[in-house]
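J.: Provided below for reference: sequence and predicted model.
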Amino acid sequence: MDIVRNADGTLVVPVPQERRHEADDGADTRPAGTDGGPTEAAAPATRLLHPGEGGYDEALAEWDLQQNPDRAPVVSTATGRQEAMTVVHAVATSPDHAVASAVAALDDPQAGGEALRHVLVGGVHSVEAFAAEVAEAEGGDPLSAHQATKIIGEVLAELD
């Protein structure tokens, strides 16, 4: 099952089914009421993750990889990092949260996207450090990891 990104930035992620093992002594460990006959395949369980929630950054990086599974490993360049900081700052300070126009204004959107992917792969600490770097370079207060991750997801969705 693939990860699904909703329009509001939330992610629907698959949750692995709990594995059941037969007890070492051969005791029946099936839940009460089961007869040991064929069982129906359980529907895959899912969980809704919001930006800033534990595991969200990793799930967003996995979702991005699903969008283009043949993509080479992400590489962040100095130019890409600057493009990434510019677009995140532009979206964060835009009164109408204009992602499309902020992406269109970039000189090298692909390099910026790669830098943003690189930030996500680093996890929550990487996102926090990136948000502080954006504030230092562009001015203003640092975004929360939640806000930065949500904007990164929106920009990556726009690039794809």
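T.: Cool, the structure landed. Numbering: from 1, shown residues only.

J.: what's stretch 84-102 in contact with?
T.: Outside stretch 84-102, the residues that touch it by Cβ atoms under 8 Å, 6 or more residues apart in numbering are 76, 103, 105-106, 109, 112-113, 115-116, 119, 130-131, 133-134, 137-138, 140, 143, 147-148, 151-152, 154-155, 158. C-beta coordinates here come from the backbone N, C-alpha and C atoms, glycine included.

J.: Show me what the helix or strand of the chain with the lowest mean pLDDT is in contact with.
T.: One helix or strand of the chain scores below all others by mean pLDDT, DSSP states H and E: helix 56-67, with a mean of 84. With contact meaning Cβ under 8 Å, 6+ apart, helix 56-67 is reached by 2-5, 11, 13, 49-50, 71, 117, 120-121, 123-124, 126-127, 145, 149, 152-153, 156, 160.

J.: Give the PyMOL command for selecting the buried subset of the residues you listed.
T.: Entered in PyMOL, the line below selects the buried ones among those, by 16 or more other Cβ atoms under 10 Å:
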select buried, resi 3+5+11+13+49+117+120+121+124+127+145+149+152+153+156
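
J.: taking the contacts of helix 56-67 one by one, which sit in strands?
T.: The strands, defined by DSSP state E, take in Val4, Arg5, Leu11, Val13, Leu49 from the contacts of helix 56-67.

J.: For the helix or strand following the least confident helix or strand of the chain, the averaged confidence score.
T.: Proceeding N to C from helix 56-67, the next assigned helix or strand is helix 78-93, under DSSP states H and E. Taken as a whole, helix 78-93 carries a mean pLDDT of 92.

J.: could I get the following helix or strand past helix 78-93 in CSV with only the CA atoms?
T.: If you walk from helix 78-93 toward the C-terminus, the next helix or strand you reach (DSSP H and E) is helix 99-104. The C-alpha coordinates for helix 99-104 follow below in CSV (Å, rounded to 0.1, in the frame of the first residue of the first chain):
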residue,chain,number,x,y,z
VAL,A,99,3.1,27.9,-3.5
ALA,A,100,2.8,27.8,-7.3
SER,A,101,4.0,31.4,-7.8
ALA,A,102,6.9,30.9,-5.4
VAL,A,103,8.0,27.8,-7.2
ALA,A,104,7.6,29.6,-10.6
